[in-house]
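Undergrad: need a 3D model of the sequence below.
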Amino acid sequence: MAIRPDALPTDPSALTEMVLALDAENEKLRVAMQTLKEMIFGKRSERLAVLVDEQLALELGDLETDATLLVQANDDAPAAKPPGKVRKKARRNIGALPKHLPRCEQVLEPEATACPCCQGQLHKIGEDVSEVLDIIPAILRVLRTIRPKYGCRSCTDGVVQAKVLPRLIESGMASTALVSHVVVSKFAWYLPLYRQVQILAGQGVHLDRATLAGWVKRAAWWLRSLYELQLRTIQAASRVFCDETPMPVLDPGRHRTRICQFWAHAMDDRPWGGPAPPAVAYVFADGRGTEEIAGQLTGFSGILQVDGYAAYKALAGGHGGAIQLAFCLAHARRKFVEVYKTTQSPFAREVIERLQAVYALEAEIRGSSAEQRLAARRTRAVPLMAALRERLTEMVDQLFSQSKLTEAINYALNHWDGLTLFLRDGRVEVDSNTVERSMRPIAMGRRNSLFSGSEGGAESWAIVASLVNTAKLHELDPQGYLTDVLERIVSGRTKSHQLHELLAWNWKAARQCTAQAAA
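TA: Numbering: from 1, shown residues only. All right, here's what the predicted structure looks like:
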């Protein structure tokens, strides 16, 4: 509503207060408008080299040549190395194709093998060999199972026949390999079922999307016990990453979707050589309240690496110190990045530069033991964070209480103990990017599929996505892994008390041992 002249206060102090309030409101609106522009047209990266480019009037001076580039939040690329350290060679297959792939040879003989001079027979003196990577497109085939019957000519009861093999889908038309292909295509490579129906139709097989959805549901039913074991294994770790993301679910009664949640629980001790392998397990839930996460982490005690969401704080507060929260420094940094992108605030940029030095140290000590990481952090990161806190405390009283920069500063100060837990424990990561990277497959699948058709479908999504994405973390072929796991479970070759053998890291280790023994 516009302000009428007769509504303005006559008291100078009241008028001053009104002007300051309107200025603060205008600043918030300008920031919101600029943030929206950045979301639509701007670069997503939080790297300092991207933030401070040629279009910005400010220059970093010595920082541009001497400092290490800032690691982007939610970026799974390795951090830039400090100056003076040799950059690792890029992993490329140039002239060295994998040895495990089968070779199909084609020999190109010359048109004539007679000597052009004397017409004598030429003999082979050598050869040139070149290799290229080839592919055979997926071919649908019909797998016929024939069970001969044998009978005795002298007896009437002597008929012998092999037993029927257990099948993933009894009386169904799909083999385990085909069901695995459909499941992996959807949950590992984000190909919605309706597109897979179109692909199959191109090969002359016409199926309904509901048929493929039934295959996915059946596969998830067989995999549920393995999924629950993987979830329990993650939650039994002493340090767990946790995050949540919305999941729209179709609500047939209202002819629209309702927003539910996917919670992700992850572990990964590779940065300090610990015992926990990389793994993630998703849990479908109706909401994102404290009761949801409390029900999932019943009995958990240890370090929970999370963002600043209030449900985690309430969870830790209700467990009497059994759960210790390690907050994400990337989330705190992101708030200053947003301020800098919209206002080019010199102080926001100063904070980003200071945090860049912390990330440069983390990149340097990644892979060291927990004790070595803690020693390096105490020597080099503690002074950096102490100086940063002093600057934040000094600046917060000089700003409008409603400005975005004040919000960013208050977030950092209010979460300081959790943000600096990595300075007191060498096992703790500086941020929660481990679990945020595991949220990307869910976001990709959600973008392509738009929503889950039902709660049961969302639960199947959580089960299968947990297993295939953990397989991807271990650089396994998700389809080969899932096909073997399903065949072992369905056939009964792997009993319920042996399910731990099918966890991705154990499955991979067993294959490696078999390969070494055969070599």
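Undergrad: the bottom helix or strand of the protein by mean pLDDT?
TA: Ranked by mean pLDDT, DSSP states H and E, the weakest helix or strand in the chain is helix 62-66, scoring a mean of 35.
Undergrad: how near is residue 183 to residue 221?
TA: 12 Å (Cβ to Cβ, to the nearest Å). For the C-beta atoms, the positions are set from N, CA and C on the backbone; glycine is no exception.
Undergrad: show me what the helix or strand that the least confident helix or strand of the chain is followed by is in contact with.
TA: Next along the chain after helix 62-66, taking DSSP states H and E as the criterion, comes strand 149-150. For strand 149-150, contacts defined as Cβ atoms under 8 Å, 6 or more residues apart in numbering pick out 159, 160, 161.
Undergrad: can you tell me the centre-most residue of the chain?
TA: Residue closest to the average C-alpha location in the chain (Cα atoms, centre = their mean): residue 438, at 1.9 Å.
Undergrad: if we ignore the residues flanking it in sequence, what's nearest that residue?
TA: Leaving aside its sequence neighbours, residue 438 sits nearest to residue 280 (Cβ to Cβ, 6 or more residues apart in numbering; 4.1 Å).
Undergrad: next up, the contacts around the one you found.
TA: The contact partners of residue 280, taken as Cβ under 8 Å, 6+ apart, are 234, 264, 265, 266, 435, 438, 466, 469, 470, 473.
Undergrad: and those, which two are the farthest apart?
TA: The largest separation in those, counting by Cβ to Cβ, is between 265 and 473 at 13.6 Å.
Undergrad: the more surrounded of these two?
TA: Each of residue 265 and residue 473 had its neighbours counted (other Cβ atoms under 10 Å), and the higher figure belongs to residue 265 (26 against 20).
Undergrad: tell me what the more buried one is bridged to.
TA: residue 242, residue 281 (DSSP bridges).
Undergrad: now do the same for it: its pLDDT.
TA: According to the prediction, residue 265 has pLDDT 97.
Undergrad: again with residue 69
TA: 35.
Undergrad: ok, now residue 416?
TA: 96.
Undergrad: what about the helices in the stretch 351-500 of the chain?
TA: Using DSSP state H, counting those that start in this stretch, the helices of the stretch 351-500 of the chain run over residues 370-376, 382-396, 404-414, 416-419, 433-449, 455-473, 478-491.
Undergrad: could you export stretch 331-349 as PDB, CA atoms only?
TA: C-alpha atoms of stretch 331-349 as PDB (Å, rounded to 0.1, in the frame of the first residue of the first chain):
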ATOM      1  CA  HIS A 331      26.000 -24.400   3.900                       C
ATOM      2  CA  ALA A 332      27.300 -21.500   6.000                       C
ATOM      3  CA  ARG A 333      29.600 -20.400   3.100                       C
ATOM      4  CA  ARG A 334      26.700 -20.700   0.600                       C
ATOM      5  CA  LYS A 335      24.800 -17.900   2.500                       C
ATOM      6  CA  PHE A 336      27.700 -15.500   2.000                       C
ATOM      7  CA  VAL A 337      28.000 -16.600  -1.600                       C
ATOM      8  CA  GLU A 338      24.400 -15.700  -2.200                       C
ATOM      9  CA  VAL A 339      25.000 -12.300  -0.600                       C
ATOM     10  CA  TYR A 340      28.100 -11.700  -2.700                       C
ATOM     11  CA  LYS A 341      26.300 -12.700  -5.900                       C
ATOM     12  CA  THR A 342      23.500 -10.200  -5.200                       C
ATOM     13  CA  THR A 343      25.200  -7.300  -3.500                       C
ATOM     14  CA  GLN A 344      29.000  -7.700  -4.200                       C
ATOM     15  CA  SER A 345      29.500  -7.100  -0.400                       C
ATOM     16  CA  PRO A 346      33.300  -6.800   0.300                       C
ATOM     17  CA  PHE A 347      32.800  -8.400   3.700                       C
ATOM     18  CA  ALA A 348      30.900 -11.400   2.200                       C
ATOM     19  CA  ARG A 349      33.800 -11.800  -0.200                       C
END
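Undergrad: re the thing from before, just the contacts of residue 280 now: which is nearest residue 340?
TA: Residue 340 has its nearest neighbour among those in residue 435, at 25.5 Å by Cβ to Cβ.
Undergrad: off-centre distance for stretch 420-432?
TA: 20 Å (Cα atoms, centre = their mean, to the nearest Å).
Undergrad: same question, stretch 429-437
TA: Distance, centroid of stretch 429-437 to centroid of chain: 9 Å (Cα atoms, centre = their mean).
Undergrad: report pLDDT for the nearest residue to residue 406 once chain neighbours are set aside.
TA: Distances taken as Cβ to Cβ, 6+ apart place residue 399 nearest to residue 406, at 4.6 Å, with adjacent residues excluded. In this model, residue 399 is scored at 78, pLDDT.
Undergrad: same question for residue 490.
TA: 95.
Undergrad: can you check the one 5 residues further on too?
TA: Per-residue pLDDT puts residue 495 at 94.
Undergrad: for residue 4, same thing?
TA: As predicted, residue 4 sits at a pLDDT of 64.
Undergrad: try the one 10 residues further on
TA: Among the per-residue scores, residue 14 shows a pLDDT of 74.
Undergrad: tally of neighbours for it?
TA: 11.
Undergrad: look up how far residue 389 lies from residue 264.
TA: In terms of Cβ to Cβ, residue 264 sits 30 Å off from residue 389.
Undergrad: who's more crowded, these two?
TA: Per other Cβ under 10 Å, whichever of residue 264 and residue 389 has more neighbours is residue 264, with 26 against 15.
Undergrad: contacts only, for that one.
TA: Residue 264 neighbours (Cβ under 8 Å, 6+ apart): 241-245, 280-283, 435, 438-439, 442.
Undergrad: for the stretch 151-300 of the chain, what spans make up the strands?
TA: Applying DSSP state E, counting those that start in this stretch to the stretch 151-300 of the chain gives strands spanning 160-161, 239-251, 256-267, 279-285.
Undergrad: would you mark the buried spots in the second one?
TA: Spelled out, it's strand 239-251. By neighbour count with 16 or more other Cβ atoms under 10 Å, strand 239-251 contains the buried residues 239, 240, 241, 242, 243, 244, 245, 247, 248, 249, 250.
Undergrad: C-alpha coordinates for that strand, PDB please?
TA: In PDB, the C-alpha atoms belonging to strand 239-251 read as follows (Å, rounded to 0.1, in the frame of the first residue of the first chain):
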ATOM      1  CA  ARG A 239      29.500 -41.100  12.200                       C
ATOM      2  CA  VAL A 240      26.600 -40.700   9.800                       C
ATOM      3  CA  PHE A 241      25.700 -38.100   7.300                       C
ATOM      4  CA  CYS A 242      22.000 -37.200   6.900                       C
ATOM      5  CA  ASP A 243      19.900 -35.000   4.600                       C
ATOM      6  CA  GLU A 244      16.400 -34.800   3.200                       C
ATOM      7  CA  THR A 245      14.800 -33.800  -0.100                       C
ATOM      8  CA  PRO A 246      11.100 -33.400  -1.200                       C
ATOM      9  CA  MET A 247       9.500 -36.200  -3.100                       C
ATOM     10  CA  PRO A 248       6.100 -35.500  -4.800                       C
ATOM     11  CA  VAL A 249       3.700 -38.500  -4.600                       C
ATOM     12  CA  LEU A 250       0.500 -38.700  -6.600                       C
ATOM     13  CA  ASP A 251      -2.600 -38.300  -4.500                       C
END
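Undergrad: helices or strands next to that strand in the packing?
TA: strand 256-267, strand 302-306, helix 433-449, helix 455-473 (3 or more Cβ pairs under 8 Å, 6 or more residues apart in numbering; DSSP states H and E).
Undergrad: how about JSON lines for those, with distance to residue 375 added?
TA: Shown next, in JSON lines, are these (distance: least, Cβ to Cβ, whole Å):
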{"stretch": "strand 256-267", "distance to residue 375": "24"}
{"stretch": "strand 302-306", "distance to residue 375": "19"}
{"stretch": "helix 433-449", "distance to residue 375": "22"}
{"stretch": "helix 455-473", "distance to residue 375": "29"}
